[in-house]
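[1] The sequence and its predicted three-dimensional model are supplied below.
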Amino acid sequence: MSIWDSFWGIFWFFFWAFAVVAYLFALFAVVVDIFRDRTLNGWGKALWLIFMFFVPFLAVLIYVIARGQGMAERSAREAYEPSASNDDYSRPVATASPAADIAQAKQLLDSGVITAGEFDALKNKALGNKF
(Lines give C-alpha, C1' and ligand atoms only; values in the text may rest on other atoms or scores of the structure.)
Protein backbone atom coordinates (compact mmCIF):
# COMPACT_ATOMS: atom_id res chain seq x y z
CA MET A 1 0.00 0.00 0.00
CA SER A 2 1.51 3.31 -1.03
CA ILE A 3 1.12 6.78 0.47
CA TRP A 4 -0.99 7.83 -2.51
CA ASP A 5 -3.69 5.21 -1.86
CA SER A 6 -5.67 7.25 0.62
CA PHE A 7 -6.81 10.81 1.10
CA TRP A 8 -5.06 11.08 4.47
CA GLY A 9 -1.82 9.80 3.00
CA ILE A 10 -1.89 12.55 0.40
CA PHE A 11 -2.94 15.10 3.00
CA TRP A 12 -0.04 14.25 5.32
CA PHE A 13 2.42 14.23 2.42
CA PHE A 14 1.47 17.78 1.45
CA PHE A 15 1.39 18.90 5.08
CA TRP A 16 4.94 17.70 5.71
CA ALA A 17 6.15 19.05 2.37
CA PHE A 18 4.75 22.47 3.35
CA ALA A 19 6.35 22.22 6.80
CA VAL A 20 9.77 21.42 5.31
CA VAL A 21 9.60 24.29 2.81
CA ALA A 22 8.43 26.72 5.53
CA TYR A 23 11.27 25.57 7.78
CA LEU A 24 13.81 26.08 4.99
CA PHE A 25 12.53 29.64 4.44
CA ALA A 26 12.88 30.33 8.18
CA LEU A 27 16.36 28.77 8.26
CA PHE A 28 17.61 30.88 5.35
CA ALA A 29 16.05 34.04 6.83
CA VAL A 30 17.88 33.41 10.11
CA VAL A 31 21.20 32.71 8.39
CA VAL A 32 20.87 35.93 6.36
CA ASP A 33 20.00 37.85 9.54
CA ILE A 34 23.04 36.46 11.35
CA PHE A 35 25.32 37.93 8.68
CA ARG A 36 23.30 41.18 8.52
CA ASP A 37 23.56 41.81 12.27
CA ARG A 38 26.33 44.32 12.93
CA THR A 39 26.06 44.05 16.72
CA LEU A 40 26.98 40.37 16.71
CA ASN A 41 30.73 39.75 16.55
CA GLY A 42 32.40 37.06 14.44
CA TRP A 43 32.55 34.49 17.24
CA GLY A 44 28.85 34.96 17.98
CA LYS A 45 28.01 34.46 14.33
CA ALA A 46 30.17 31.34 14.21
CA LEU A 47 28.53 29.90 17.33
CA TRP A 48 25.03 30.50 15.97
CA LEU A 49 25.97 28.83 12.67
CA ILE A 50 27.52 25.82 14.43
CA PHE A 51 24.42 25.56 16.63
CA MET A 52 22.25 25.64 13.49
CA PHE A 53 24.34 22.96 11.84
CA PHE A 54 24.02 20.47 14.72
CA VAL A 55 20.51 21.26 16.02
CA PRO A 56 18.82 23.16 13.18
CA PHE A 57 15.17 23.17 14.25
CA LEU A 58 15.90 24.10 17.86
CA ALA A 59 18.46 26.74 16.84
CA VAL A 60 16.03 28.50 14.50
CA LEU A 61 13.34 28.46 17.16
CA ILE A 62 15.67 29.86 19.85
CA TYR A 63 17.09 32.50 17.48
CA VAL A 64 13.63 33.76 16.51
CA ILE A 65 12.56 33.90 20.18
CA ALA A 66 15.76 35.53 21.45
CA ARG A 67 16.58 37.87 18.57
CA GLY A 68 13.29 38.20 16.68
CA GLN A 69 12.78 41.89 17.49
CA GLY A 70 16.20 42.84 16.12
CA MET A 71 15.62 40.57 13.15
CA ALA A 72 12.41 42.45 12.30
CA GLU A 73 14.11 45.85 12.71
CA ARG A 74 17.01 44.88 10.43
CA SER A 75 14.62 43.50 7.83
CA ALA A 76 12.49 46.67 7.88
CA ARG A 77 15.58 48.89 7.68
CA GLU A 78 16.92 46.96 4.69
CA ALA A 79 13.56 47.18 2.94
CA TYR A 80 13.44 50.96 3.52
CA GLU A 81 17.03 51.89 2.59
CA PRO A 82 16.89 51.13 -1.16
CA SER A 83 13.63 53.04 -1.37
CA ALA A 84 15.13 56.09 0.36
CA SER A 85 18.21 56.12 -1.84
CA ASN A 86 16.06 55.75 -4.94
CA ASP A 87 13.89 58.67 -3.80
CA ASP A 88 16.99 60.84 -3.32
CA TYR A 89 18.18 59.91 -6.80
CA SER A 90 14.90 60.48 -8.61
CA ARG A 91 13.64 63.57 -6.76
CA PRO A 92 15.55 66.15 -8.89
CA VAL A 93 14.30 64.53 -12.09
CA ALA A 94 10.72 64.21 -10.89
CA THR A 95 10.45 67.81 -9.71
CA ALA A 96 11.43 69.37 -13.05
CA SER A 97 8.65 71.63 -14.34
CA PRO A 98 7.79 72.62 -17.90
CA ALA A 99 8.61 76.23 -17.05
CA ALA A 100 12.11 75.26 -15.91
CA ASP A 101 12.63 73.18 -19.07
CA ILE A 102 11.47 76.06 -21.28
CA ALA A 103 13.70 78.52 -19.40
CA GLN A 104 16.69 76.25 -19.90
CA ALA A 105 15.88 75.90 -23.60
CA LYS A 106 15.55 79.70 -23.87
CA GLN A 107 19.01 80.11 -22.35
CA LEU A 108 20.38 77.67 -24.92
CA LEU A 109 18.63 79.62 -27.70
CA ASP A 110 19.96 82.96 -26.42
CA SER A 111 23.50 81.61 -26.21
CA GLY A 112 23.27 80.30 -29.77
CA VAL A 113 23.66 76.61 -28.93
CA ILE A 114 20.30 75.66 -30.48
CA THR A 115 18.24 77.07 -33.32
CA ALA A 116 14.75 78.55 -33.11
CA GLY A 117 13.29 75.34 -34.54
CA GLU A 118 15.03 73.24 -31.88
CA PHE A 119 13.78 75.67 -29.23
CA ASP A 120 10.21 75.25 -30.47
CA ALA A 121 10.59 71.46 -30.43
CA LEU A 122 11.93 71.53 -26.84
CA LYS A 123 9.14 73.88 -25.76
CA ASN A 124 6.48 71.63 -27.28
CA LYS A 125 8.05 68.60 -25.63
CA ALA A 126 8.07 70.34 -22.23
CA LEU A 127 4.44 71.31 -22.65
CA GLY A 128 3.51 67.77 -23.68
CA ASN A 129 2.53 68.68 -27.23
CA LYS A 130 3.29 66.11 -29.89
CA PHE A 131 3.63 68.64 -32.72
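    In hand now; what should we look at? Numbers count the residues shown, from 1 in each chain.
[2] The spatially most central residue of the chain and T39, how far apart?
    By Cα atoms, centre = their mean, the chain has its centre lying nearest to A79, at 5.0 Å. With distances taken as Cβ to Cβ, to the nearest Å, A79 is found 19 Å from T39. Placement of C-beta: from N, CA and C, glycine included.
[3] hmm, back to that, give me the pLDDT for the residue nearest to the centre of the chain.
    pLDDT, A79: 73.
[4] So it versus F53, what's the distance?
    Here the criterion is Cβ to Cβ. By it, A79 lies 28 Å from F53.
[5] following the helix or strand bottoming out on mean pLDDT in the chain, which helix or strand shows up next?
    In the chain, no helix or strand scores lower on mean pLDDT, DSSP states H and E than helix 56-94, which sits at a mean of 77. Using DSSP states H and E, the helix or strand that directly follows helix 56-94 along the chain is helix 98-111.
[6] Identify the residues contacting that following helix?
    I114, T115, A116, E118, F119, L122, K123, K125, A126, L127, G128 (Cβ atoms under 8 Å, 6 or more residues apart in numbering).
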